[in-house]
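Asker: Compute the structure for the input listed below.
(one chain, ligands or ions: 2)
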Amino acid sequence: MQATNVVILAAGNGSRMKSDLPKVLHQVAGRAMVDWVVAAVAPLKPNKILTVTGVGAKQVQDHLAGKSDFVVQEQQLGTGHAVLQTKQALADNEGATLILSGDTPLFTTETLQALWDEHARTKNAVTVLTAFAENPTGYGRIVRGEDEMVLKIVEEKDASVTERRIQEINTGVYIFDNQLLFEALSQVGNDNVQAEYYLPDTLDILREMGQQIGAYQTMDFSESMGVNDRVALAAANKIMRTRINRGHMQNGVELIDPDNTYIDAGVQIGKDTVIEGNVTLKGKTVIGQDNVLTAGTRIEDSTIGDENVITSSHLEEALVENQTTIGPYAHLRPLAEIKDRAHLGNFVEVKKATVGLGSKVGHLSYVGNATLGADVNVGAGTIFVNYDGVNKFDTTVGDRVFIGSNTKIIAPVTLADESITAAGSTITDDVDFHQMGIARSRQTNKDDFWDRMPHKKG
Ligand code: UD1
Ligand code: CA
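Answerer: Residues are numbered from 1 along each chain as shown. Ligands and ions are numbered 1, 2, ... in the order given. Have a look, this model is predicted:
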């Protein structure tokens, strides 16, 4: 594509979403809808991408900063009026202008390229991308004459009963000759049910001007979905996830139940990793090879190496090396770092802490603000007491340390290599090499106590 402008319409208030967030910032598979649109056009190397913003303009502009230029449509008077706001920026340009909506996130670059090729071949004044819809409700319909030539586009709300039966719909993607676009736009009125200036009216106008107009029908309706409400948002997510999941499976990842596996765009997964259903992988997550992730696992912005078994656990901003076993029901929070062959058992929470090579935290523990060396054994119910209500304090645990069950480690404290804590201790002082720290009151046994038990009285 050459000498081309791209205009993305993103000013509408998206009232049908019933949301405080501008519609085009709602996410599909972890990316804002408008990001998908920008990503689909980017490989076409347009000269300029111009996004029309309005409702939530600042939010949308901040979001797209560096990827697009902007114009503001102060009042949302319709898609034709929206494009008119780009006149100052674009009207002098020769060449073509590709227009898309920020709420149609599913178009592929291939489809847009095919539209471009058709537009270039036919030398139309405008070529609109259309699709055949099983259920065309809500879309503008493509009205063709007896010779099958495109006459105009009619919005559903303005359509006659016969027109509503038409199943060829306007996808909202067009390539215009840039000069003719603005000529036609100046003639668009708002004499319709919604009292809006409709961009699709330019087709009728151009035809009346004696210009050649055309349509290119894509085979895959699912790409054309426009997201106007939450029902469509869920449907678009489903389509996108199906695409993403298929890609992973083709790369050698085993998805046991792909319909119920939620993997964001951009997540990387190595081959022979097996993922059960109801697993969610989000953000900048990178997962290596030969891992097993069982149902209920949710991983966000984390890096996982190879050959780990992660069972029904939640990880956020965590780093897991190789051959670990984690869970069920472990919670790794930001800056958790789990080294090779370590084990975290059930109900273990790790935050801003390193669990060293081969170390084991088997049951019901909290490890926060700590560095654990290699082959440490952390007994059940151990708590790293890292917070005094105001400040956090660090604990250092050397190699081969044995921490007895139900130890409370009141940081800051250092447990040297091969030191031990006695079960039930509340450790407040450092323990040196080969020492055992014991910090609990001694047991005393009182005689003849049974009869003094309250439940035994009277
Ligand atoms: C639009 C088309 C319809 C097509 C459908 C495809 C019109 C009049 N109708 O309908 O033929 O089948 O898309 O999805 O164009 N916008 C602005 N400023 C405005 C109004 C809208 O920037 O004043 C933006 C919206 O933010 C949105 C896009 O334009 O991203 C489309 O607007 P929307 O209201 O969603 O139009 P549809 O009713 O879906
Ligand atoms: Ca729409």
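Asker: Name the nearest residue to residue 27, sequence neighbours excluded.
Answerer: residue 33 (7.4 Å; CB to CB, 6 or more residues apart in numbering). Heads up, the C-betas are built off the backbone N, CA and C, glycines and all.
Asker: Got phi/psi on that neighbour?
Answerer: phi -50, psi -40 (degrees, to the nearest 10).
Asker: got a list of what it touches?
Answerer: Residue 33 makes contacts with 23, 24, 25, 26, 27, 102, 103, 104, 105, 227, 236, as judged by CB atoms under 8 Å, 6 or more residues apart in numbering.
Asker: okay, now the closest residue to ligand 1 within the chain: neighbour count?
Answerer: Using CB to the nearest ligand atom, the single residue of the chain nearest to ligand 1 is residue 140, 2.3 Å away. By the criterion of other CB atoms under 10 Å, residue 140 has 27 neighbours.
Asker: How much space separates it from residue 201?
Answerer: Residue 140 sits 10 Å away from residue 201, going by CB to CB, to the nearest Å.
Asker: May I have the host helix or strand of residue 233 as CSV, with CA atoms only?
Answerer: Take DSSP states H and E as the rule and residue 233 turns out to sit in helix 230-250. Output in CSV follows, covering the C-alpha atoms of helix 230-250 (Å, rounded to 0.1, in the frame of the first residue of the first chain):
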residue,chain,number,x,y,z
ARG,A,230,-21.2,-6.6,26.2
VAL,A,231,-22.8,-9.5,24.4
ALA,A,232,-20.8,-8.7,21.3
LEU,A,233,-17.7,-8.1,23.4
ALA,A,234,-17.9,-11.6,24.8
ALA,A,235,-18.5,-13.0,21.3
ALA,A,236,-15.5,-11.1,19.9
ASN,A,237,-13.3,-12.4,22.8
LYS,A,238,-14.4,-15.9,22.0
ILE,A,239,-13.5,-15.5,18.3
MET,A,240,-10.1,-14.0,19.1
ARG,A,241,-9.3,-16.6,21.7
THR,A,242,-10.1,-19.3,19.3
ARG,A,243,-7.6,-17.8,16.9
ILE,A,244,-5.0,-17.4,19.6
ASN,A,245,-5.5,-21.0,21.0
ARG,A,246,-5.3,-22.5,17.5
GLY,A,247,-2.0,-20.7,17.0
HIS,A,248,-0.6,-22.2,20.2
MET,A,249,-1.8,-25.7,19.3
GLN,A,250,-0.2,-25.4,15.9
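Asker: near ligand 1 at all, that helix?
Answerer: No. Judged by CB under 6 Å from any ligand atom, helix 230-250 makes no contact with ligand 1; its nearest approach is 9.6 Å.
Asker: picking that back up, setting aside sequence neighbours, what's the nearest residue to the residue of the chain closest to ligand 1?
Answerer: residue 170 (3.8 Å).
Asker: Whichever strand or helix holds the one you found and ligand 1, any residue contact?
Answerer: Using DSSP H and E, residue 170 sits within strand 168-177. Yes. Looking at strand 168-177 against ligand 1 by CB under 6 Å from any ligand atom, the contacts come from 169, 170, 171, 172.
Asker: what sits against the last one?
Answerer: Going back to what we said before, that points to residue 172. Contacts for residue 172 (CB under 8 Å, 6+ apart) come out as 9, 79, 99, 100, 101, 104, 140, 224, 226.
Asker: Kindly provide the distance from it to ligand 2.
Answerer: Per CB to the ion, to the nearest Å, residue 172 is found 7 Å from ligand 2.
Asker: and the gap between that residue and residue 86?
Answerer: Applying CB to CB to residue 172 and residue 86 gives a distance of 16 Å.
Asker: from the residues of strand 168-177 next to ligand 1, which single one is nearest ligand 2?
Answerer: Ranked by distance to ligand 2 (CB to the ion), the residues of strand 168-177 next to ligand 1 are led by residue 172 at 6.5 Å.
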